[in-house]
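Peer 1: coordinates only, sequence not included:
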């Protein structure tokens, strides 16, 4: 039986915070623009829907799949619950169980995850937190 290394992160996100919410992590942030800055245009441009990775400890293949699933869920579903369920089901099948997914504009979290099994990103104003623990 192999020993799995784990990391712990604390997050808080809020659409009311112009900086995208605060959080502490052990790894540097990726992406510098604020995903929550207000837009003067009422229509969403393609750039508004581009994923912005805030923190990641995941293989390139998993990262790409997480972002693809996030985009699919963002387009297909109207509720955070349905978006999260869609991503979790896919990750449980493709990368073995036990994955956890939080999707929303306002949440805080403190998670411990397995090594190479964590990503936190935004698509527009929506935050996606995906990690494996179990």
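Peer 2: Sure thing, it's come through. What you are looking at is a predicted structure, and each value in this text was computed from that prediction instead of being measured.

Peer 1: May I have the phi/psi pair for the residue nearest to residue 48 when sequence neighbours are not counted?
Peer 2: The shortest distance from residue 48 to any residue that is not its chain neighbour, by CB to CB, 6 or more residues apart in numbering, is 5.2 Å, and that residue is residue 124. (Each C-beta comes from the backbone N, C-alpha and C, glycine too.) Backbone torsions of residue 124, given as degrees, to the nearest 10, read phi 60, psi -130.

Peer 1: so how many other residues sit close to residue 98?
Peer 2: A count of nearby residues for residue 98, using other CB atoms under 10 Å, gives 13.

Peer 1: Just the pLDDT for it.
Peer 2: The pLDDT attached to residue 98 in the predicted structure is 95.

Peer 1: Can you show me the strands along this protein?
Peer 2: Assignment of strands within the chain using DSSP state E yields the ranges 6-13, 23-24, 51-58, 99-104, 107-114, 117-123, 126-132.

Peer 1: so where's the protein shaky on pLDDT?
Peer 2: Along the chain, the model assigns pLDDT under 70 to residues 1-47.

Peer 1: Just give me the longest helix of it.
Peer 2: Among all segments of the chain classified by DSSP state H, the helix with the greatest residue count is helix 60-76.

Peer 1: From what I see, residue 95 and residue 62 are in contact.
Peer 2: Yes - contact criterion CB atoms under 8 Å: residue 95 and residue 62 qualify, at 6.4 Å.

Peer 1: okay, and the common contacts of the two?
Peer 2: Between them, residue 95 and residue 62 share the neighbouring residues residue 117, with contact defined by CB atoms under 8 Å, 6 or more residues apart in numbering.

Peer 1: quick revisit: tell me if I'm right that the residue nearest to residue 48 and residue 70 touch.
Peer 2: No - with contacts defined as CB under 8 Å, residue 124 does not count as touching residue 70, sitting 10.5 Å away.
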